[in-house]
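Chemist: What follows is a predicted structure for the sequence shown.
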Amino acid sequence: MNHILEVKELTKTYGKTEAVKDVSFSLEPGKIYGLLGRNGAGKTTIMNMITARLFPASGDIRIFGEDPYENRGVLSQICFIKESQKYPDTFNISDLFDICSSAFPNWDQEYADSLIKDFNLPLKRRMKKLSRGMLSSAGIIVGLASRAPLTIFDEPYLGLDAVARNIFYDRLIEDYSSHPRTIILSTHLIDEVSKILEHVIVIDHGKLIMNEEADAIRGRAFTVVGPSIKAAEFTNGKNILKSEAIGGLVSVTVLGRLSPTERQNADQLGLELAPVSLQQLIIYLTSASAELKEEKAQ
Ligand SMILES: Nc1ncnc2c1ncn2[C@@H]1O[C@H](COP(=O)(O)OP(=O)(O)OP(=O)(O)O)[C@@H](O)[C@H]1O
């Protein structure tokens, strides 16, 4: 398998904070990845190391088989759209696009122009006079029109309303279908992006806790709702993520797949089964590990 990016045993510390701990993963060409996790999990630190903005304390990064540090050939193939990108005060969007057209070998000006219309952006207004949402739209346009073989969006839609976010998802999918490349999307809006992600990487407290195809994750957990005695009988011995009382019933979320026989059993016990969304699963997994940490510390 030819990998676009290979990260091996990556570690980064800031003073006493271990921001990234022994993280290894690889990315295939032509796939949309979600890099997910809670605030402070270490995602931005990883993205900064991948894009050669930050040196790891230890570990190895290969992009297109090469070391990315001070490697112009490799870095021109990467477009990194950051949450709060700073621009020179005198810049307007036309200036930004001029720079992009020389920085990115695959830059498509016609496509950028059409996106400007979609996002309703004023070309000549200075960047410092743009609203927060407009700045996010500008970043998204750069990310899409760069057509970089490795495009990274780190929380790209601060201040963007739901309509603009939907335009982003639609254009991303359309353009990705006609120009496949590797895309990393890091966001807290997991439910919104879960349909477009093909592979999910979850970081928690600096460690990689999930690295799986999105299809494989769907169905990895389920919720069972019903009378508490029946639910307890059904979930006995299973890996319970969360249990809560609702009215006279109980709702138990379980990590694991259900066999057809188990589905039948649940039905016979009068229990209702429901799938768990990717966002919900990640919330359960990351808060479960936080609880475990707290227990160990006590
Ligand atoms: N420059 C820095 N100096 C010291 N500590 C830092 C620095 N940058 C990040 N950290 C710490 O490293 C850890 C990981 O931060 P990072 O920004 O990578 O997380 P994140 O997953 O991107 O979070 P968020 O989703 O909130 O952006 C956090 O504990 C953070 O406080």
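Modeler: Perfect, thanks for sending it. Computed from a predicted structure; not experimentally measured.

Chemist: which secondary structure elements does the helix or strand containing residue 230 contact?
Modeler: Counting by DSSP states H and E, the element that carries residue 230 is helix 228-235. For helix 228-235, the contact count by 3 or more CB pairs under 8 Å, 6 or more residues apart in numbering; DSSP states H and E identifies strand 221-227, strand 249-255, helix 260-268 as packing neighbours. To be clear about C-beta, it is placed using only N, CA and C from the backbone, and glycine gets the same treatment.

Chemist: So which bits of the chain are right by the ligand?
Modeler: Applying CB under 6 Å from any ligand atom, we find that the chain lies next to the ligand at 14, 17, 19, 37, 39-45.

Chemist: Helix, strand, or coil at residue 94?
Modeler: helix (DSSP: H, G, I helix; E, B strand; the rest coil).

Chemist: hmm, back to that, ok, which pair from the residues of the chain next to the ligand is furthest apart?
Modeler: Spatially, the most separated pair among the residues of the chain next to the ligand is 14 and 37, at 16.9 Å (CB to CB).

Chemist: how about the strands in the protein?
Modeler: Taking DSSP state E, the strands of the chain run over residues 5-14, 17-27, 32-36, 58-63, 78-81, 150-154, 182-186, 199-204, 207-213, 221-227, 239-246, 249-255, 272-275.

Chemist: can you put the ones you listed in JSON lines and add mean pLDDT and mean neighbour count?
Modeler: Shown next, in JSON lines, are these (pLDDT from 0 to 100; neighbours: other CB atoms under 10 Å):
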{"stretch": "strand 5-14", "mean pLDDT": "96", "mean neighbour count": "17"}
{"stretch": "strand 17-27", "mean pLDDT": "96", "mean neighbour count": "18"}
{"stretch": "strand 32-36", "mean pLDDT": "96", "mean neighbour count": "23"}
{"stretch": "strand 58-63", "mean pLDDT": "96", "mean neighbour count": "17"}
{"stretch": "strand 78-81", "mean pLDDT": "95", "mean neighbour count": "24"}
{"stretch": "strand 150-154", "mean pLDDT": "96", "mean neighbour count": "23"}
{"stretch": "strand 182-186", "mean pLDDT": "96", "mean neighbour count": "24"}
{"stretch": "strand 199-204", "mean pLDDT": "95", "mean neighbour count": "23"}
{"stretch": "strand 207-213", "mean pLDDT": "94", "mean neighbour count": "15"}
{"stretch": "strand 221-227", "mean pLDDT": "94", "mean neighbour count": "19"}
{"stretch": "strand 239-246", "mean pLDDT": "90", "mean neighbour count": "13"}
{"stretch": "strand 249-255", "mean pLDDT": "93", "mean neighbour count": "19"}
{"stretch": "strand 272-275", "mean pLDDT": "93", "mean neighbour count": "14"}
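
Chemist: Make CSV from the ones you listed and add distance to residue 139 to it.
Modeler: CSV is the format used below for these (distance: least, CB to CB, whole Å):
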stretch, distance to residue 139
strand 5-14, 21
strand 17-27, 21
strand 32-36, 17
strand 58-63, 21
strand 78-81, 4
strand 150-154, 8
strand 182-186, 13
strand 199-204, 22
strand 207-213, 26
strand 221-227, 34
strand 239-246, 35
strand 249-255, 36
strand 272-275, 33
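
Chemist: show me where pLDDT drops low in the chain?
Modeler: 1, 288-298 (pLDDT under 70).

Chemist: Flag every buried residue along stretch 34-51.
Modeler: Residues of stretch 34-51 classed as buried: 34-38, 41-51 (neighbour count, 16 or more other CB atoms under 10 Å).

Chemist: same question but for stretch 171-189, I mixed them up
Modeler: Buried, per 16+ other CB under 10 Å, within stretch 171-189: 171-172, 175-176, 181-187.

Chemist: likewise stretch 72-91?
Modeler: Residues 74-82, 85, 87 are the ones in stretch 72-91 that count as buried (16+ other CB under 10 Å).

Chemist: just stretch 188-198 next, same as before
Modeler: Buried positions in stretch 188-198, judged by neighbour count with 16+ other CB under 10 Å: 190, 192-194, 196-197.

Chemist: Would you tell me which one of those comes nearest to the ligand?
Modeler: For those, the residue nearest the ligand by CB to the nearest ligand atom is residue 190; the value is 11.9 Å.

Chemist: residues in contact with the closest one?
Modeler: When contacts are counted by CB atoms under 8 Å, 6 or more residues apart in numbering, residue 190 is found next to 34, 36, 277-279, 282.

Chemist: try residue 49
Modeler: Here residue 49 is in contact with 10, 12, 20, 55-56, 61 (CB under 8 Å, 6+ apart).
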